[in-house]
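1. I would like to see how this sequence folds:
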Amino acid sequence: CGNFSLSDGGGIGHLGLSDGGTIANNTIVFNQTFNQGVGVSGGGVFVGGAAPLAPNALSQGSGDVDVLANRILGNQAGAGDGGGIRAQFVNGTDVLASPNDASLWHRLNLHNNIVVDNMAGLAGGGISLQDSARVSIVHNTVANNDSTATAGAAFAPGSPNQSTPQPAGIVARAHSGALTAAIGNGAGVQDYKTFSNPTLDNNIVWHNRSFYWQMVPGCDATTSATPCFGLVPDVGAGTDPVVYDDLAVTGTTGCLNPRNSILTALNEPGSCTDDGSNLAGDDADPLFVAEYVNGSPGQTIVVNETTTSLATAAALDEGGNFIDVRFGPLTLTNATATADCLVGECLLGDYHLQDGSPAEGLGATGTGVATDWDDDPRPNPTGANPDAGADERL
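-> The predicted structure follows:
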């Protein structure tokens, strides 16, 4: 809790080849990565191989890594990708050694994690993948994460005063040229050829918000009654519609393929054609016990955290890299709860499911994930199918 890094991995960093690692059963909250001159990533958790030693070369990768049953909440990658989780260079020379047999590649399992209320200055407020071909994202709750497009890379050339919106939930980036060239042409590896294309089963990917930053043209900060710069949409004002962007592939053409999951919307641009197994829209509200959104208007903040809406601080020196986003609440305590609150009502960020959630029984069997975030059995003794997301209702 509360750690800061100028490099990758604000809370936990797995950097380099360390085969067979497990990151499990942790609470990883309110950590930050930020570096004005370098795009650093993974506010909560970073998993990746060491950077290649030469241009257009391959990393040794990370080895096999399991990230299981963690609560990853309120973390920030202020200058890069993956507010909650960033995977980078998981694969490399392992692919070169076996280009047509994906079973021999390093694999990353993200199972039963609650990845919520995190923020990225670039893309993937929840989860971001780069050069990570063999990834399993199963039974996770990825909700209420934000991407603010305030990192330098979000500003297109010739546009220093307005950034480009970035996807906010789960983003898969195009592989480097070296990894694309290393992957063979056999039928069993084509799905992994050009971008990080994870298995996406039995998840809740819900209400991840996308923003961009702008300087108001012609605004005079010395006379204006309103700020001359800030995030769009302006959630603090409560007048602009919220923009959700849950799933995306960037840097190349392609789409992510969620199955048996709850989504904000079906068939959004970053999602492949729905096969009928997913739920979306107002009727798909997961009914979390005590969710919240970053900077929610009216949220009571405990001392000393006084930010009540998303805010940006700027010192106008170099486009994008100078912007630091501040948000709250940085607390797990619900300051508005009554003294006799029920279990769960006293807390913020409780993403267990309430009874009657549409996530109940939505998941498919056969994933190999036998327990949930609380180590409860999947499916529960009265159900034929497991629940979507990290929590299994008993």
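
2. my read: V216 touches F229, true?
-> Yes: taking contacts as Cβ atoms under 8 Å, V216 lies within contact range of F229: 6.8 Å. (Glycine included, C-beta is placed from N, CA and C.)

3. Do a quick rundown of the helices in the stretch 101-250 of the chain.
-> Taking DSSP state H, counting those that start in this stretch as the test, the helices found in the stretch 101-250 of the chain are 177-182.

4. where along it do the strands fall?
-> All strands of the stretch 101-250 of the chain, identified by DSSP state E, counting those that start in this stretch, fall at 108-111, 114-116, 119-120, 127-130, 135-138, 141-143, 146-147, 170-173, 199-201, 204-206, 209-210, 212-215, 229-232, 247-250.

5. Most tightly packed of those strands?
-> Of all those, strand 119-120 has the most neighbours on average by mean count of other Cβ atoms under 10 Å, namely a mean of 34.

6. Name the residues that touch that one?
-> Applying Cβ atoms under 8 Å, 6 or more residues apart in numbering, the contact partners of strand 119-120 are 41, 43, 75-78, 80-83, 125, 128, 145-148, 151, 166, 168, 294, 325, 327.

7. quick one: contacts for the residue lying closest to D372 once chain neighbours are set aside?
-> In space, and not counting its chain neighbours, D372 is closest to E392: 3.8 Å by Cβ to Cβ, 6 or more residues apart in numbering. Contacts for E392 (Cβ under 8 Å, 6+ apart) come out as T371, D372, D374, D376, P377, R378, P379, N380, P386.

8. which of the residues you listed has the most neighbours?
-> In terms of neighbours by other Cβ atoms under 10 Å, these top out with P386 at 28 neighbours.

9. Could you verify my assumption that that one touches T365?
-> Yes: under the criterion of Cβ under 8 Å, P386 makes contact with T365 at 6.8 Å.

10. Ramachandran coordinates for the closest residue to G21 other than its chain neighbours?
-> Take G21 and drop its neighbours on the chain: the residue closest to it by Cβ to Cβ, 6+ apart is V65, 4.7 Å away. In terms of degrees, to the nearest 10, the main-chain angles of V65 are phi -140, psi 140.

11. Okay, V65 and D19: tell me how far apart.
-> Look at V65 and D19: by Cβ to Cβ, to the nearest Å, they are 8 Å apart.

12. ok, now G361?
-> From G361 over to D19 the distance is 36 Å, taken as Cβ to Cβ.

13. what about S103, how many residues close to it?
-> By the criterion of other Cβ under 10 Å, S103 has 8 neighbours.

14. quick one: it from F34, how far?
-> The gap separating S103 from F34 is 38 Å, by Cβ to Cβ.

15. Same question for L266.
-> L266 sits 35 Å away from F34, taking Cβ to Cβ as the criterion.

16. Between those two, which has more neighbouring residues?
-> Between L266 and F34, F34 has the larger neighbour count (other Cβ under 10 Å), namely 21 against 15.

17. Ignoring the adjacent residues along the chain, who's closest to that one?
-> Once flanking residues are discounted, F34 sits nearest to G78: 3.7 Å by Cβ to Cβ, 6+ apart.

18. Tally up the residues packed near that neighbour, please.
-> Applying the criterion other Cβ under 10 Å, we find 27 residues in the vicinity of G78.

19. Could you report the pLDDT at it?
-> Listed pLDDT for G78 reads 93.

20. rewinding a little: so what sits against both of V65 and D19?
-> Taking Cβ under 8 Å, 6+ apart as the contact rule, V65 and D19 both touch H106.

21. Which one's more surrounded, these two?
-> Between V65 and D19, counting by other Cβ under 10 Å, V65 is the more crowded of the two (25 against 11).

22. Just the pLDDT at that one, thanks.
-> pLDDT, V65: 98.

23. Next, the contact list for it, please.
-> Residues in contact with V65 (Cβ under 8 Å, 6+ apart) are H14, S18, G21, T22, I23, V47, V90, H106, R107, L108, N109.

24. The fourth one against D64, yeah?
-> No: because the distance of 9.4 Å does not satisfy Cβ under 8 Å, T22 is recorded as not touching D64.

25. Looking at the two, which is more packed in?
-> With neighbours defined as other Cβ under 10 Å, T22 and D64 compare such that D64 has more, 18 against 12.

26. one step back: any chance of the strands of the stretch 101-250 of the chain in a markdown table, plus distance to A181?
-> Putting these into a markdown table (distance: least, Cβ to Cβ, whole Å) gives the following:
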| stretch | distance to A181 |
| --- | --- |
| strand 108-111 | 21 |
| strand 114-116 | 32 |
| strand 119-120 | 29 |
| strand 127-130 | 16 |
| strand 135-138 | 20 |
| strand 141-143 | 31 |
| strand 146-147 | 30 |
| strand 170-173 | 16 |
| strand 199-201 | 24 |
| strand 204-206 | 31 |
| strand 209-210 | 32 |
| strand 212-215 | 34 |
| strand 229-232 | 39 |
| strand 247-250 | 19 |
